[in-house]
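Enquirer: Predicted model and sequence below, questions to follow.
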Amino acid sequence: MNKLIIKETGTTPSVHFDPERNYYEMRGNSIVLNALEFYTRVAQWLRENNSEIQSGSRFIFNLPFFNSASSKGIVMVLREIRQLQQKKPDIFVVWRVEEDDEFMKEAGENFSEFLEMNFVLENLP
């Protein structure tokens, strides 16, 4: 099975998508200037590997901070996940935030509403 592993840098989050382990997570800050280049790669992987993604999969977004350019890329990735949800409704997004980070909670709620997707908001310990 085809994995997507991208190491975290000072400006991009790590991406660990592993269909064999049924593990999908993006973690870290996203302050990349050319966010579409970075996130297009992630969205394309989802498109090309959607048949490998199992029902019940959780896509974890643990992004403590992202800039406005990154938000467009995140929407692109979430749209691919939404396409998966239409075929496998039990696939869902976990939006992890610090308990007192109202901005990131609101960002998750806004993405969820804008894309008409159900998110699970999960506080980090």
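Expert: Done, it's in.
Enquirer: can you give me the mean pLDDT across the helix or strand that contains Val77?
Expert: Element membership for Val77 (DSSP states H and E) is helix 68-87. Per-region confidence: helix 68-87 scores 95 on mean pLDDT.
Enquirer: ok, now stretch 8-27?
Expert: Rounded mean pLDDT across stretch 8-27 is 96.
Enquirer: quick one: buried residues of that stretch?
Expert: Thr11, Thr12, Pro13, Val15, His16, Phe17, Pro19, Tyr24, Glu25, Met26 (16 or more other C-beta atoms under 10 Å). Any C-beta I mention is one placed from the backbone N, CA and C, and that applies to glycine too.
Enquirer: again with stretch 84-98
Expert: So for stretch 84-98, counting by 16+ other C-beta under 10 Å, buried means Leu84, Gln85, Ile91, Phe92, Val93, Val94, Trp95, Arg96, Val97.
Enquirer: what residues does it touch?
Expert: Contacts with stretch 84-98, where a contact means C-beta atoms under 8 Å, 6 or more residues apart in numbering, come from 46, 50, 53-62, 64, 78, 81, 104-105, 108, 111-112, 117-124.
Enquirer: and those, which of them are in helices?
Expert: Leu46, Leu78, Ile81, Met104, Lys105, Gly108, Phe111, Ser112 (DSSP state H).
Enquirer: Run a quick neighbour tally on the third one.
Expert: Around Ile81 there are 21 other residues, counting by other C-beta atoms under 10 Å.
Enquirer: Excluding sequence neighbours, find me the nearest residue to it.
Expert: Once flanking residues are discounted, Ile81 sits nearest to Phe59: 5.4 Å by C-beta to C-beta, 6 or more residues apart in numbering.
Enquirer: Just grab the bridge partners of the one you found for me.
Expert: Tyr24, Val93 (DSSP bridges).
Enquirer: so it sits right up against Tyr24, yeah?
Expert: Yes: using C-beta atoms under 8 Å, Phe59 is in contact with Tyr24, at 4.6 Å.
Enquirer: Can you tell me how far the residue of the chain most remote from its centre is from Asn123?
Expert: Within the chain, Asp100 marks the point farthest from the mean C-alpha position, 20.9 Å out by C-alpha atoms, centre = their mean. Asp100 sits at a distance of 9 Å from Asn123 (criterion: C-beta to C-beta, to the nearest Å).
Enquirer: Alright, I will stop here.
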